[in-house]
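[1] Below are the sequence and a predicted model for it; my questions follow.
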Amino acid sequence: MKQQRVTRLQEEMLARGLTTLALVPGPNMVYLSGIHSHLSERPVILFLSATEQPVIVMPKLEAMKAEAAGIVAERIFAWTDEAGYDDAFAQAVATLGLEGATIAVEALHMRVLERDILGQHVANLTTVHAEPLMTALRLTKDGDELAAMERAVAVAETAMSKLIPQIKIGQTEKQIAALLFQELLAAGADKLAFDIIVSAGPNGASPHARPTDRPITAGDLLVIDWGAYVDDYPSDLTRTFAVGEIDEELTRIYEAVRLANAAGKAAAVPGVTGEAIDAAARQVIDEAGYGQYFIHRTGHGLGLEVHEEPGIVAGNTAELPVGAVFTVEPGIYLPGRGGVRIEDDVVITTTGHRSLTTMPRQLQVVGL
């Protein structure tokens, strides 16, 4: 167990009047316990108490993970495929005395399966969303987390530096994505942070385009959005390239996005809101005359998950603390013509901000 984090969790739970948190396999379980499991037909629930030691129910074939995490043997309720999990959950609930309890559950991760199990075994159960509780803990990244994200950025940037000389006119978006995948693994990625986006020409007008069999051609803008997981933490970058010479308007929208990216980062200081950073980036694009073509938020939080709090978006008025990490990724998308996005990963520091990403933001020409 990550004891310092568990202690902070218990303090936060008591402050919020919560007694029990139930976690399923995923980022929150990794954050608090270091246990890596996955959602399957075999349910796993880790129960964290505000006052007691943790309890876990999991298949016997994975029980050694709980032991390695330091959960005491009598609070590990392991079950076999032959026996099923009902008795294990019943014993865990009895151990914790959860009758009539209010349990915080993960609205974004817990399935109907686990919620039904809780309802079956906890009499008079009430559930609340765990997201506010976990966001309060995970919003500020510690030194180990920042170091992991810096390693993930280094892997991603190394891979891109190896890819750029390989890009040639006539290659398809899928071929370029495959080359980048290979370079990410060669550079040390544990896995992709998400499916690589490679979109050229008109396809670049869709922010979340999937790579296609379309060949890149001279005059295209080429958008590449990629990232790597290293030691449980991801990077998330986007750069836009010119395939040979591009026309005047495409050059103009590139420069507007570059300046918007710089303005968004410049606004990132302790106590700023996500809304203010979004406004700073958006103002540049509005003044360039392309506001209607900036069709998404300026950024999102980055941590164990590629998308987490804080949202860098209008309406988010929560102040960002030192240690908050997020993306700044303004874009302009012209239907039928192409798009531009420039994305950096940023951390709030005591004196302002630091960009974890370092690749050039000036327009680079590829494919020749």
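    Good, I have the coordinates. Worth saying up front: this structure is predicted, and the values here are computed from it rather than measured.
[2] Give me the most central residue, the protein.
    Closest to where the C-alpha atoms of the chain average out (CA atoms, centre = their mean) is Val306, at 1.4 Å.
[3] Please tell me I have it right and that one contacts Tyr233.
    No: shown here, Val306 and Tyr233 do not form a contact pair, counting by CB atoms under 8 Å, at 9.9 Å. C-beta: built from backbone N, CA, C; applies to glycine.
[4] Would you mind measuring from Pro165 to Gln364?
    11 Å (CB to CB, to the nearest Å).
[5] Neighbour count for those two, which is higher?
    Gln364 (13 against 8; other CB atoms under 10 Å).
[6] check contacts around the more buried one.
    Residues near Gln364 by CB atoms under 8 Å, 6 or more residues apart in numbering: 164, 239, 241-242.
[7] of the residues you listed, closest to Thr350?
    Among the contacts of Gln364, Arg239 lies closest to Thr350 (CB to CB), at 28.9 Å.
[8] ok but that closest one is inside a helix, no?
    No: counting by DSSP: H, G, I helix; E, B strand; the rest coil, Arg239 is not part of a helix but strand.
[9] neighbours of it, just the number please.
    24.
[10] sorry, back to before: highest neighbour count among the contacts of Gln364?
    Counting by other CB under 10 Å, top hit in the contacts of Gln364: Arg239 with 24 neighbours.
[11] Which pLDDT value belongs to that residue?
    pLDDT, Arg239: 98.
[12] Report the separation between it and Glu309.
    Distance, Arg239 to Glu309, using CB to CB: 25 Å.
[13] Please apply the same query to Glu52.
    The gap separating Glu52 from Glu309 is 28 Å, by CB to CB.
[14] for Val272, same thing?
    15 Å.
[15] more neighbours, these two?
    Glu309 (21 against 18).
[16] Show the contacting residues for the more buried one.
    Per CB under 8 Å, 6+ apart, neighbours of Glu309: 135, 138-139, 301.
[17] now Pro234
    Counted by CB under 8 Å, 6+ apart, Pro234 has contacts 149, 152, 193-194, 227-228, 302, 305-306.
[18] how about a cut-off of 7 Å?
    152, 193, 227-228, 302, 306 (CB atoms under 7 Å, 6 or more residues apart in numbering).
[19] that older thread, will you turn the contacts of Glu309 into JSON lines that also has pLDDT and secondary structure?
    JSON lines is the format used below for the contacts of Glu309 (pLDDT from 0 to 100; DSSP: H, G, I helix; E, B strand; the rest coil):
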{"residue": "Thr135", "pLDDT": "96", "secondary structure": "helix"}
{"residue": "Arg138", "pLDDT": "98", "secondary structure": "helix"}
{"residue": "Leu139", "pLDDT": "98", "secondary structure": "coil"}
{"residue": "Gly301", "pLDDT": "98", "secondary structure": "strand"}
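[20] Looking at those, which one is closest to Arg115?
    Using CB to CB, those come closest to Arg115 at Thr135, 20.4 Å.
[21] which stretches of the chain aren't confidently modelled?
    By pLDDT under 70, the chain has no low-scoring segment.
[22] can you give me the strands for the stretch 1-150 of the chain?
    20-23, 45-49, 55-59, 76-79, 102-105, 126-129 (DSSP state E, counting those that start in this stretch).
[23] I misspoke; the intended subject was the stretch 151-300 of the chain.
    191-192, 197-200, 221-226, 228-230, 233-234, 237-243, 299-301.
[24] Can you lay out those as TSV showing distance to His121?
    Shown next, in TSV, are the strands of the stretch 151-300 of the chain (distance: least, CB to CB, whole Å):
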stretch	distance to His121
strand 191-192	35
strand 197-200	43
strand 221-226	43
strand 228-230	34
strand 233-234	34
strand 237-243	45
strand 299-301	34
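[25] quick one: which of these is nearest Tyr293?
    strand 221-226 (13.1 Å).
[26] Can you check which helix is longest in the chain?
    Counting by DSSP state H, the longest helix found in the chain is helix 143-163.
[27] From the contact counts, what lies against that one?
    helix 173-187, strand 228-230, strand 233-234, strand 344-348 (3 or more CB pairs under 7 Å, 6 or more residues apart in numbering; DSSP states H and E).
[28] again, 8 Å this time
    helix 173-187, strand 221-226, strand 228-230, strand 233-234, strand 237-243, strand 325-328, strand 344-348 (3 or more CB pairs under 8 Å, 6 or more residues apart in numbering; DSSP states H and E).
[29] and that helix, which residues are buried?
    145-146, 148-160, 162-163 (16 or more other CB atoms under 10 Å).
[30] about what we covered before: now do the residue nearest to the centre of the chain against Arg210, distance only.
    16 Å.
[31] what's the burial count for His296?
    Other residues within reach of His296, judged by other CB under 10 Å, total 14.
[32] Skipping adjacent residues, who's closest to it in space?
    Leaving aside its chain neighbours, His296 sits nearest to Pro207 (5.7 Å; criterion: CB to CB, 6 or more residues apart in numbering).
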